[in-house]
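Participant: predicted model, plus sequence, below.
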Amino acid sequence: MAGDCRAAAARVLARVASGQSLNQALPEQLRTVAPRDTALLRELCYGTLRLWPRLEALAKQLLDKPLRGKDRDVYALILVGLYQLGETRVPDHAAVASTVGATRSLGKGWARGLVNALLRRYLRERDALEAALPAAAIAAHPPWLMKRLLREFDQADVLIDANNSRPPMTLRVNLSRVDRDTYLGSLQEAGIGARPGALADSALYLEQPVDVSQLPGWEEGLVSVQDEAAQLAAAVLAPRSGERILDACAAPGGKSCHLLEREPALAELVAMDIDEERLLRVRENLARLQLKATVMAGDGSHPPAELAAASFDAIVADAPCSASGVIRRHPDVKLLRRASDITQLADQQLAILQGLWPLLKPGGRLLYVTCSVLAEENSAVVERFLQLQVDARETDLALSWGAAREHGRQLMPRDGGPDGLYFALLEKCI
């Protein structure tokens, strides 16, 4: 028997609130609900997380006292109910009834009256409750991140709006197999609306997300799902025939595959990642796209001994980061990230650059990429690296997109457009 969708959402969100990522928590619960409810479960989870700071501030006004830690699922259910009432087209009475009913599926029948009372009070006092919210809650951002964005960006409101938006589904056309206009025609014949991206020559934006099985030529490797900003990495690195390239933080393999599509005559591409389990996705993508690469587990800050010094013409380091430029795709960032994480991540990023640098040939190039918009993880890391590495110099990225920073170039997330990624291209002096 299929499980209750609201209860499943509450279980997912309770696990995220306990420190688990959404990607880890969601799959198990997707298997418990009816197929017709999987889209609703995703919407409830992603939507509630996207607005979590706002919903949490409302819940604090409604609750007389905090719930116990073991009732984190009930707390999450209350936020799911508030999300439905404030942000979805579910009729109010149905949203209240379904949320209250989910308490039984959670085995928390005692909370039935509490959930019912809180949601009905919200409906009665909505305007007053929302008027009392602090600025960060209204913006649905944790206070530390809100403060940082306001300090670093003149148009922080645009960035905040983009973070709170639903991300588009963007395709990368395999230009080694089919041109973009031809594939766009195939989409139109299949009744799938799309438009070309303005920045990457392989990008197509779908009008509405679809299951990948509906995409023409998906199994044959004609197309992949990849944000337009991420597609720019291959163009910036500009792979050349005969080169040996290392993708040092490769999973799930989008950039590795794009480099191979863009230059089929590479001598070798090595796709490395510290997470052996995530390398399964790299292998799956390579197989579907009929591409060949050497796949290996390894830590960029301490590369495996089999990777010889000065053996790569080019390296891509898409380093672990705060994900502050892709919050709309990973809204659990709003719960899981802390202000103290940023300095730790910046140190890790610097360690990766230092670990990879000896692998690069003289005259070779290293592309440093993050999905962050924060200077401490981006231009500041490059500045620290250049000060430490006397044989490194920065290559000017005179591009038509993004904004120049002290070092590198920043592309900001845009509603209906690309994600927020940072790029800096470094060259090893001969």
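Facilitator: Cool, got the structure.

Participant: sec struct for residue 251, please.
Facilitator: Following DSSP: H, G, I helix; E, B strand; the rest coil, the label given to residue 251 is coil.

Participant: so what's it up against?
Facilitator: Contacts for residue 251 (CB atoms under 8 Å, 6 or more residues apart in numbering) come out as 273, 275, 278-279, 281-282. C-beta: built from backbone N, CA, C; applies to glycine.

Participant: distance check, it against residue 271.
Facilitator: 8 Å (CB to CB, to the nearest Å).

Participant: for the longest strand anywhere in the chain, list every residue counted as buried.
Facilitator: Secondary structure of the chain per DSSP state E: the longest strand is strand 360-370. By 16 or more other CB atoms under 10 Å, the buried positions in strand 360-370 come out as 360-361, 364-370.

Participant: quick revisit: which neighbours do residue 251 and residue 271 have in common?
Facilitator: Common contacts of residue 251 and residue 271 (CB under 8 Å, 6+ apart): 279, 282.

Participant: list the contacts of the lengthiest helix in the chain.
Facilitator: Looking across the chain with DSSP state H, the single longest helix is helix 112-131. For helix 112-131, contacts defined as CB under 8 Å, 6+ apart pick out 58-59, 61-63, 74, 77-78, 81-82, 85-86, 92, 95-96, 99-100, 103-104, 138.

Participant: all strands of the protein, in order?
Facilitator: Applying DSSP E to the chain gives strands spanning 170-173, 194-196, 203-206, 223-225, 244-247, 268-273, 294-297, 312-318, 360-370, 392-395, 403-404, 409-411, 421-428.

Participant: distance of the nearest residue to residue 296 once chain neighbours are set aside relative to residue 231?
Facilitator: Once flanking residues are discounted, residue 296 sits nearest to residue 272: 5.2 Å by CB to CB, 6 or more residues apart in numbering. According to CB to CB, residue 272 stands 21 Å off from residue 231.

Participant: ok so, going back, mind exporting the longest helix of the chain as CSV, just the C-alpha atoms?
Facilitator: Listed next in CSV are the C-alpha coordinates belonging to helix 112-131 (Å, rounded to 0.1, in the frame of the first residue of the first chain):
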residue,chain,number,x,y,z
ARG,A,112,-3.4,16.0,15.2
GLY,A,113,-5.0,18.7,17.2
LEU,A,114,-1.8,20.8,17.4
VAL,A,115,-1.2,20.7,13.6
ASN,A,116,-4.9,21.5,12.9
ALA,A,117,-4.9,24.5,15.4
LEU,A,118,-1.6,26.0,14.1
LEU,A,119,-2.6,25.8,10.4
ARG,A,120,-6.0,27.3,11.1
ARG,A,121,-4.5,30.1,13.1
TYR,A,122,-2.1,30.8,10.3
LEU,A,123,-5.1,31.2,7.9
ARG,A,124,-6.8,33.6,10.4
GLU,A,125,-3.8,35.7,11.2
ARG,A,126,-1.7,35.4,8.0
ASP,A,127,-1.2,39.1,7.4
ALA,A,128,-0.2,39.9,10.9
LEU,A,129,2.1,36.9,11.2
GLU,A,130,3.9,37.7,7.9
ALA,A,131,4.2,41.4,8.7
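
Participant: per-residue confidence at the nearest residue to residue 415 once chain neighbours are set aside?
Facilitator: The shortest distance from residue 415 to any non-neighbouring residue, by CB to CB, 6+ apart, is to residue 165 (4.4 Å). With respect to pLDDT, residue 165 scores 96.

Participant: got it, and residue 1?
Facilitator: 66.

Participant: show me where pLDDT drops low in the stretch 301-430 of the chain?
Facilitator: By pLDDT under 70, the stretch 301-430 of the chain has no low-scoring segment.

Participant: and with 90 instead?
Facilitator: Scanning the stretch 301-430 of the chain for pLDDT under 90 picks out the ranges 398, 430.

Participant: before we move on, the earlier item: could the strands of the chain be laid out in TSV, adding distance to residue 123?
Facilitator: Formatted as TSV, these follow (distance: least, CB to CB, whole Å):
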stretch	distance to residue 123
strand 170-173	37
strand 194-196	39
strand 203-206	35
strand 223-225	39
strand 244-247	51
strand 268-273	48
strand 294-297	52
strand 312-318	45
strand 360-370	42
strand 392-395	56
strand 403-404	43
strand 409-411	41
strand 421-428	41
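
Participant: out of those, which is closest to residue 110?
Facilitator: strand 223-225 (43.4 Å; CB to CB).

Participant: can you give me the buried ones in the closest one?
Facilitator: 223-224.

Participant: stretch 296-309 now?
Facilitator: For stretch 296-309, by 16+ other CB under 10 Å, it's 296, 298, 300-301, 303, 307.
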